[in-house]
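Peer 1: here is the input, now give the coordinates:
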Amino acid sequence: MKVALVLRAALPGVTFAMERELLYGREPAFMHRWVLPQDALEGDLELLLAEPVAKLLARHEVMEPDEFIRRGTVAIGDLATATFSDGQALLEISGRGVSKASTLAALCVERGIGSQDVVAFGDMPNDVLMLEWAGTSYAMANAHPDVVAAADATCASNDDDGVAEVLEKLFA
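Peer 2: Residues are numbered from 1 along each chain as shown. From the prediction side, this is the model:
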């Protein structure tokens, strides 16, 4: 709740959604990109955050996306981990230190797999830490520039079966 309140104070007009286990919820003013699933929650912030969430999504309908991402990330500081994955004014917020990289690393530890044996693919900034952690990493041809800079190599785009092409070569 603290992160949401900090963002709301710093960036008036911000709206929120959340993901908790298999449950999605949003404030009524949060973007209406799709119809809410039948079991989803819609309500005020207190309802959405009454129980711990895996991911908090913050969006601003008016602010320019880069400005919102920059100002929102600064406001959050080290309270949580913030990233983004699309060209809209949408922040993805998880617990401090929780990322695709930390989750993949935990999974690999459980299975006795070292990072040097992991191949990862990404296209958006929420993938950067994972690509840096993996032993071999690929940016999709249509990837964000930060992803291209973080990856070891580039493969074809999602639409051109880039992941499949690389995996076919690795397992040939």
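Peer 1: got the domain boundaries for the chain?
Peer 2: Domains of the chain are assigned by automatic domain parsing as 2-94, 100-170.
Peer 1: mind giving me a markdown table with those and columns for mean neighbour count and mean pLDDT?
Peer 2: From N, CA and C alone the C-beta is placed, and that goes for glycine too. Listed next are the domains of the chain as a markdown table, based on neighbours: other Cβ atoms under 10 Å; pLDDT from 0 to 100:
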| stretch | mean neighbour count | mean pLDDT |
| --- | --- | --- |
| domain 2-94 | 16 | 90 |
| domain 100-170 | 16 | 95 |
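Peer 1: helices along the chain, start to end?
Peer 2: In the chain, the helices defined using DSSP state H lie at 2-10, 45-48, 65-76, 100-111, 128-133, 145-150, 162-170.
Peer 1: would you mind giving the ones you listed as TSV with distance to L90 added?
Peer 2: Listed next are the helices of the chain as TSV, based on distance: least, Cβ to Cβ, whole Å:
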stretch	distance to L90
helix 2-10	12
helix 45-48	16
helix 65-76	8
helix 100-111	16
helix 128-133	16
helix 145-150	16
helix 162-170	24
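Peer 1: nearest to E19, out of those helices?
Peer 2: helix 45-48 (10.2 Å; Cβ to Cβ).
Peer 1: what residues does the closest one touch?
Peer 2: Contact with helix 45-48 is made by M1, A4, R8, F16, A17, M18, G25, R26, E27, L41, as judged by Cβ atoms under 8 Å, 6 or more residues apart in numbering.
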